[in-house]
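[1] sequence? don't have it. structure:
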């Protein structure tokens, strides 16, 4: 074979190779699929167990057999990764709902490893068999060739509930990682049903059903106030604590008993906690500890710290929270593979993907069942029809030379070569028109089917088939019917496999939402040219007034209980509560206004900002680049919605100026080509916010309004236009809807 040398840039080869490797790790190894919540190795292991028939109601099989079969057929990446995945799926202290029933030593919550795979046995849990594989034979998911194209494997398992939320997931890919906490099955099902009933439901409303994570180790979630943001964005930090109780000890002492640990303390971290607690005594951070003992067993966690008689118990517990992992942080990053690509998803997005998948699976399932029932219907109708003319059919069979001759007569009424007892029989036979399938069924029919009871059973079976066809057609035709079927299945899983919540969502965090409103006071809002906004108190503003006015585009006062109003060039009005804005020091950066409102800096520009109170007291002047003007009563902008249309714009037009109408007398329009028109504001009519307005000046075809100025009676405002000073009140006073005067440079 002739050698072929390819000349290319080495960096290009390395880049392509690394990207291919990264995508392989991300999609095919480390991240779960949002639809079934499984990584490929988990999916392949479970599917192999299903194929081997290792059901929940059958004997256990050696783990080594499962691992070897999975590696040989579906996952050629080493036995350790397969066995580790199998072990984790058996551990009830890691999974909210274990998928594999393990027999033998599969490790402990304290970090003990599982026994070698040759010693342990496993089988599928009942919930896995019923929720993951019940409909796999009904063409509900696609199959793909395995690595050597000798087997077929499912691309996803048809799970009947959002397993990604129930069992959570952890995985490290290339440049990204996923960390999804487990949740309570009953709550996940309730949230799924709520979404199915109302797809427009908000994350906050969903959290009435799904309160938060439900860790298998129990514990307490402390920052309930942050959960909404975490479930909306798909990322954040959950602060979790162990459950601590105080018991009376010997000799009047108190024992601090830890009965539940944070989820992050599973494994070697329990030992580390014991060492950290002991170090508190050794480092003299406390002198209250008398003894530490770990009395944990299969029944649960029980760590006892015996304290001195005069110890301040509450203070000691706070010390444990501060200096040990009894209070820890669980980083949430709900990253999963959706539509073939990794995506960080919020709670609602995950539920949407899972519900859409359920409808897809149900559609394929009932389409398959419908086709089977329709095929049965065809055969049943043929047999019933045959029973009604059985004497004629027997005569055809006895008079035919072979099967083909009899079948031709049954299907097409061909009587050539068939011996009939009478001409009437031949005439009747020529009128037969059975289908191919019906004819085959008749030819294969056994004589016992002619017994009266058998015929009645056939008719009853046909009626049942027709009922099934009607039901399946109704399910496929009406989304409500299909949704009800899915919700009934969910209710069944909740009833059989649901359990009470283990993790407590701390009520202290809930107080954040119910805290009393702060005492009303005057504050100042500062919005700079980069779109960063913040608020400061009056004293801070007064001390830094010159700098604040110079460094910020908009500066105005308002109550801390009020709202700010932001007008944009697209004619939109965005409102933001003052309480949603950062309040602090003058030199604090603030936050982008995009983060606290619906304003999108990529699509619109801020034209004007003020307080809603100011708008209520005055009227508002609008001017657009196509020279459309109007005055609107400020009360029209006292709205509850975060975003409304502040004005109506013609095609190609945009707002160039918004101003509060106080004592201004004249308006000056300046165009891009240097044309100025000054006229009285009294010529501008008052309109509703939904109106376009009236034309301010006549523009040439290529010109547009660039700047708008306002002056008072004795105002001597001077502007600079192309390095030339212009005193606005010296401009000729004209009329609205005229051409204006071009300034000579």
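    That came through fine. In this text, all values refer to a predicted model and were calculated from it rather than measured experimentally.
[2] For the lengthiest helix in the chain, what does the pLDDT average out to?
    In the chain, with assignment by DSSP state H, the single longest helix is helix 347-388. Mean pLDDT, helix 347-388: 89.
[3] what's the following helix or strand after the lowest-mean-pLDDT helix or strand in the chain?
    Using mean pLDDT, DSSP states H and E, helix 507-514 stands out as the lowest-scoring helix or strand of the chain, at a mean of 34. Next along the chain after helix 507-514, taking DSSP states H and E as the criterion, comes strand 522-527.
[4] buried set for the following helix or strand past the longest helix of the chain?
    As assigned by DSSP H and E, the chain's next helix or strand after helix 347-388 is helix 390-399. The neighbour-count criterion (16 or more other CB atoms under 10 Å) identifies 390, 392-393, 395-397, 399 as the buried residues of helix 390-399. No exception for glycine: its C-beta is placed from N, CA and C like everyone else's.
[5] Looking at the residues you listed, which is nearest residue 458?
    Taking CB to CB as the measure, residue 458 lies nearest residue 390 of the buried residues of helix 390-399, at 12.3 Å.
[6] Could you measure from the closest one over to residue 439?
    Using CB to CB, to the nearest Å, residue 390 is found at 14 Å from residue 439.
[7] And for the residue nearest the centre of the chain, nearest residue in space, chain neighbours not counted?
    Geometric centre of the chain, nearest residue: residue 349, 2.1 Å, by CA atoms, centre = their mean. Spatial nearest neighbour of residue 349, excluding adjacent residues (CB to CB, 6 or more residues apart in numbering): residue 234 at 7.3 Å.
[8] Could you list the low-pLDDT ranges of the stretch 1-150 of the chain?
    1-2, 10, 15-29 (pLDDT under 70).
[9] now with 80?
    By pLDDT under 80, the low-scoring segments of the stretch 1-150 of the chain are 1-30.
[10] ranges for the helices of it?
    All helices of the stretch 1-150 of the chain, identified by DSSP state H, counting those that start in this stretch, fall at 10-25, 40-51, 63-73, 79-88, 126-132.
[11] before we move on, what about the stretch 551-700 of the chain?
    Under DSSP H, counting those that start in this stretch, the stretch 551-700 of the chain gives helices at 593-596, 612-617.
[12] ok, of those helices, where does mean pLDDT dip lowest?
    helix 612-617 (a mean of 86).
[13] For that helix, which helices and strands make contact with it?
    Counting contacts by 3 or more CB pairs under 8 Å, 6 or more residues apart in numbering; DSSP states H and E, helix 612-617 is packed against strand 554-559, strand 563-568.
[14] what's the angle from the first one to strand 522-527?
    Inter-element angle recorded for strand 554-559 and strand 522-527: 150 degrees (by axes from the mean of the first three to the mean of the last three CA atoms, to 10 degrees).
[15] Present the helices of the stretch 1-150 of the chain as JSON lines; the columns should include mean neighbour count and distance to residue 238.
    Converted to JSON lines, the helices of the stretch 1-150 of the chain look like this (neighbours: other CB atoms under 10 Å; distance: least, CB to CB, whole Å):
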{"stretch": "helix 10-25", "mean neighbour count": "11", "distance to residue 238": "26"}
{"stretch": "helix 40-51", "mean neighbour count": "23", "distance to residue 238": "24"}
{"stretch": "helix 63-73", "mean neighbour count": "20", "distance to residue 238": "33"}
{"stretch": "helix 79-88", "mean neighbour count": "19", "distance to residue 238": "21"}
{"stretch": "helix 126-132", "mean neighbour count": "21", "distance to residue 238": "26"}
